[in-house]
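Student: can't give you the sequence, but here's the structure:
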């Protein structure tokens, strides 16, 4: 099921008398939380479907009342991740009250820390998106959320003379986002021995200098 904007959503329950759907939704949420924890620890491919219900404190058969496969519950997990990214990650501010370099730094710090919390999920979502249409929709929506914010900021900075005006904002936003994303993958998934504060500062300077944004004011 998808929204009008194309974001996949879990089907809503119809509520008969007695509050049964509410209980079912709570059970379903327990399964999603357990699956998210498991996938983040072991990765999608190495996680066993049979471990999800016991981790949630439920009988193994309970899983199949709510989900038919590991892919389906992973899809539900990524819907939650998408909602969190949409609601919690600050965009690059275009307010005149803050220096652009400070806004970029805050956005990079927020993204890296959010990626760390969901590192394996993000990596596995990208891999699964190559073959599963529902997962491709989730990945596209995540990418679009970030792209729209970054493109808007770059355009604003170009219009106000803060950034180079001969750089295409869509291409620049995606190229810089891919740089940060790949760096985060090497850092948090593959365990490169980086220092987080130094990583944030370096990525911020690269971001600003590539766009012609002053780093000292």
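Tutor: Structure received. Since this is a predicted model, take the numbers as computed values, not measurements. Residues are numbered from 1 along each chain as shown.

Student: Buried residues in the longest helix along the chain, which are they?
Tutor: Longest helix in the chain, counting residues (DSSP state H): helix 133-159. Buried residues in helix 133-159, counted by 16 or more other Cβ atoms under 10 Å: 134-139, 141-143, 145-147, 149-151, 153-158. Heads up, the C-betas are built off the backbone N, CA and C, glycines and all.

Student: Kindly report the same for stretch 204-215.
Tutor: Neighbour-count burial for stretch 204-215 [16+ other Cβ under 10 Å]: 204, 206-208, 211, 213.

Student: now stretch 27-38
Tutor: Going by 16+ other Cβ under 10 Å, stretch 27-38 has these buried residues: 27-28, 30-32, 34-36, 38.

Student: same deal with stretch 53-65?
Tutor: Counting neighbours by 16+ other Cβ under 10 Å, stretch 53-65 gives 53, 56, 58, 62-63 as buried.

Student: Closest one of these to residue 21?
Tutor: Residue 21 lies nearest to residue 62 out of the buried residues of stretch 53-65, by Cβ to Cβ, at 15.5 Å.

Student: can I assume that closest one is in contact with residue 53?
Tutor: Yes. Here residue 62 reaches residue 53: they are 5.2 Å apart, a contact under Cβ atoms under 8 Å.

Student: what residues are shared contacts of the two?
Tutor: residue 31 (Cβ atoms under 8 Å, 6 or more residues apart in numbering).

Student: Which of the buried residues of stretch 204-215 fall in helices?
Tutor: Here DSSP H is the test, and the buried residues of stretch 204-215 give 204, 206-208, 211 as lying in helices.

Student: ok, so of those, who is nearest residue 79?
Tutor: residue 207 (29.3 Å).

Student: So, low pLDDT: which residues of the protein?
Tutor: Within the chain, the ranges that satisfy pLDDT under 70 run 1-20, 86-97, 217.

Student: Export the buried residues of stretch 204-215 to TSV and append columns for distance to residue 129.
Tutor: Below are the buried residues of stretch 204-215 laid out as TSV (distance: Cβ to Cβ, whole Å):
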residue	distance to residue 129
204	28
206	27
207	25
208	31
211	29
213	32
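
Student: follow-up on the earlier one: in strands, which of the buried residues of stretch 53-65 appear?
Tutor: Among these, no member falls in strands (DSSP state E).

Student: Quick one: those as CSV, columns for distance to residue 172 too.
Tutor: Listed next are those as CSV, based on distance: Cβ to Cβ, whole Å:
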residue, distance to residue 172
53, 46
56, 44
58, 48
62, 48
63, 45
